[in-house]
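Q: everything below, folded, please.
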Amino acid sequence: MPVRSLPRAVWAVLTLLAVLAGLLGLRPGQARAAATLTQVTGFGSNPGNLLMYRYVPTGLASGRPLVVALHGCTQSAAAFDDETGWTKWADQWGFALVLPQQQSANNSSSCFNWYQPGDFSRDQGEALSIRQMIDRTEADLGTDAARVYVTGLSAGGAMTAALLADYPDVFAGGGVVAGLPARCATSQTQASVDCMTTGRNLTPQQWGDLVRSAAPAWTGRWPKVSIWQGSSDYVVKSGNLTELMEQWTDADGTGQTPAVSDTVNGYPHAVYTDAAGQARVETYSLTGMGHGQPVDPGSGAEQCGVAGAYLLDVDICASYRIGKFWGLDGSSPSPSPSPSPSPSPSPSPSGGTGTLTLADDSTRDGYVKADADGSAPAVGTLTGSLGLAVGRGTDGRQNRSVLSFDTTALPAGAVVTAARLTVRYGSGSGNPWNEGRLTVDARTGCFGTACTTGPDDYTAPADATTVATLPAFTSGSRVSTDFTPAGLAAVTPGGTVQLRLAFDHALTGTAYLFLQRGTNATLTVEYRS
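A: Numbers count the residues shown, from 1 in each chain. Model prediction:
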């Protein structure tokens, strides 16, 4: 973002706003000292020879999301931060922003090399450089590794699709604007002729197979994807909107029939959902728009950006809509699982799919407290009156909670394809998320020697660690991130799975919460049989 000189009077106003922000305890998005775009060096071996720029809102707490934004050809990081609106949402919603920049030595038009296997493949070239930028930012800022997203325009959009295919273990979601399907091309000629000009027309399965081939060992859920394309795009054939939709709906298993077909700001919009009704892929067809990033300059709640070359004022802000689709604004972008007092499978034909919502077994749940080093563990005594404790109590001890779920309702031989934990706030003190992340470990069967809560549950080994994280909250319910593949493997038919909730390191000050039990702590499981 360019730095401009400001009159002394303006600086005085900014200083006053910063002081008032401190006095009033303002939240992200309110008046505060301005952050700036900063170059970061030393982020790894950088085999793609890229430059790294980063925007971090002032006072950003640890455990916040991270967005990677990839510019288009002839653009730069500094021309893609404010201009697209991403810095506005970073300030308002509270997340870090990484902007990789191509160098002319790599590509004369400063395009990301999305069509070169040595640059678009996992752990190679530009793809690995971007992964290293993410690792550096997570180490520097303590960003939430389960809430990392990537978006890009044109060549940056094509590289976004490639990164989503390469690193489903890194990215929770993506936003492809005027881009191309993952692995559409493996040469510059194929890219410019077959993909961009003519447009490749493959079947959904063929497109999906290209995604699966990028990370063949991956068995978990693929990132959710927002796809944007101008109907009058003169650089990237508009039919790529359909090809991208087919690729990512096939990869995610949602099918190509939208659950929602509507218009947003006058533009056709479609949403493709999974068996639980959660949005996984969406498309926006920008009627009459050429090649560029949709922006909507202004100060309105949904407006963003600055019009310019390949930044098109079409009365809709793509970054705002993409961020909401990912849930960065704190809203729930898709229906949350509904608690149920008992396992309730949705109808599933033989060989089909189904969804179960399992309630916590209150006879087996509980919490254990111990010293910071894990010594002297003891079972907590307030389960019946207050619920399940996590965090550091007023006695200075660390609390971990164990939830137990009966999986006998899962059909024999079922393969779990997705899982999420929902918990409800009971009471608490302080903000433990200021110091750490609330993580979930999983074990097939029970953690300790018995399935009822015991002191050995505190340090008993898990079958899978940090299978999900839970966001900060002080009321209501929250849904965890999707379970990792190792976490899904711990949920097996015909038995029990226990989940242990704890902050990822010992907290130094009093900060804790009590979670409600039973139907207020549920595990939603999607499966195929």
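Q: find the nearest non-adjacent residue to G199, please.
A: K237 (4.0 Å; Cβ to Cβ, 6 or more residues apart in numbering). (Each C-beta comes from the backbone N, C-alpha and C, glycine too.)
Q: from what I see, D262 and E282 are in contact.
A: No - here D262 does not reach E282: they are 10.6 Å apart, not a contact under Cβ atoms under 8 Å.
Q: pull the contacting residues for V271.
A: P258, A259, V260, A279, V281, E282 (Cβ atoms under 8 Å, 6 or more residues apart in numbering).
Q: distance check, the fourth one against G173.
A: Look at A279 and G173: by Cβ to Cβ, to the nearest Å, they are 10 Å apart.
Q: okay, and the common contacts of the two?
A: Contacts common to A279 and G173, judged by Cβ under 8 Å, 6+ apart, are K224, F325.
Q: so between the two, which is more surrounded?
A: Comparing A279 with G173 by other Cβ atoms under 10 Å, the one with more neighbours is G173, at 25 against 19.
Q: OK, contacts around the more buried one?
A: Here G173 is in contact with Y149, P223, K224, V225, S226, F325, W326 (Cβ under 8 Å, 6+ apart).
Q: which residues does it form beta bridges with?
A: Beta-bridge partners recorded for G173 (DSSP bridges): Y149, K224.
Q: R397 versus that one, what's the distance?
A: Note on G173: its distance to R397, by Cβ to Cβ, is 38 Å.
Q: nearest to D169 among the contacts of G173?
A: Nearest to D169 out of those is P223 (Cβ to Cβ; 9.9 Å).
Q: give me the number of residues near the closest one?
A: 26.
Q: from D82, how far out is it?
A: P223 is 26 Å from D82, by Cβ to Cβ.
Q: quick one, what contacts A69?
A: Each residue near A69 by Cβ under 8 Å, 6+ apart is listed here: F80, D81, T84, W86, L97, V98, L99, V150, T151, G152, G156.
Q: confirm it sits in a helix?
A: No - checked against DSSP: H, G, I helix; E, B strand; the rest coil, A69 lies outside a helix; its state is strand.
Q: still on that earlier bit, may I see the contacts of V271 organised as CSV, with distance to M196 and secondary structure added?
A: Converted to CSV, these look like this (distance: Cβ to Cβ, whole Å; DSSP: H, G, I helix; E, B strand; the rest coil):
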residue, distance to M196, secondary structure
P258, 26, coil
A259, 30, coil
V260, 29, strand
A279, 28, strand
V281, 22, strand
E282, 23, strand
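Q: filter those down to the buried ones and hand me the PyMOL line.
A: Remark: buried members of the contacts of V271, expressed as a PyMOL selection using 16 or more other Cβ atoms under 10 Å:
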select buried, resi 258+259+279+281+282
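Q: and the contacts of V271, which two are furthest apart?
A: With Cβ to Cβ as the measure, no two of these lie farther apart than V260 and V281, at 11.1 Å.
Q: may I ask you to confirm that R200 is in contact with C184?
A: Yes - using Cβ under 8 Å, R200 is in contact with C184, at 5.8 Å.
Q: now the common contact residues for these two.
A: Counting by Cβ under 8 Å, 6+ apart, the residues touching both R200 and C184 are D194, E243.
Q: between these two, point out the one with more neighbours.
A: The neighbour comparison of R200 against C184 (other Cβ under 10 Å) goes to C184, with 27 against 18.
Q: okay, now the unreliable bits of this protein?
A: Applying pLDDT under 70 to the chain flags residues 1-34, 331-352.
Q: and the helices in it, which stretches?
A: For the chain, the helices defined by DSSP state H occupy 8-24, 86-93, 117-120, 125-141, 155-166, 188-189, 204-214, 240-252, 318-326, 485-489.
Q: deepest of those, which one?
A: Neighbour counts (mean count of other Cβ atoms under 10 Å) averaged over each of the helices of the chain peak at helix 155-166, with a mean of 30.
Q: coming back round to it: of all the helices of the chain, which one is nearest T41?
A: When the helices of the chain are compared by Cβ to Cβ, helix 125-141 sits nearest T41, at 9.7 Å.
Q: picking that back up, quickly list what's touching both of D262 and E282.
A: Going by Cβ under 8 Å, 6+ apart, residues that sit against D262 and also against E282 are H269, A270.
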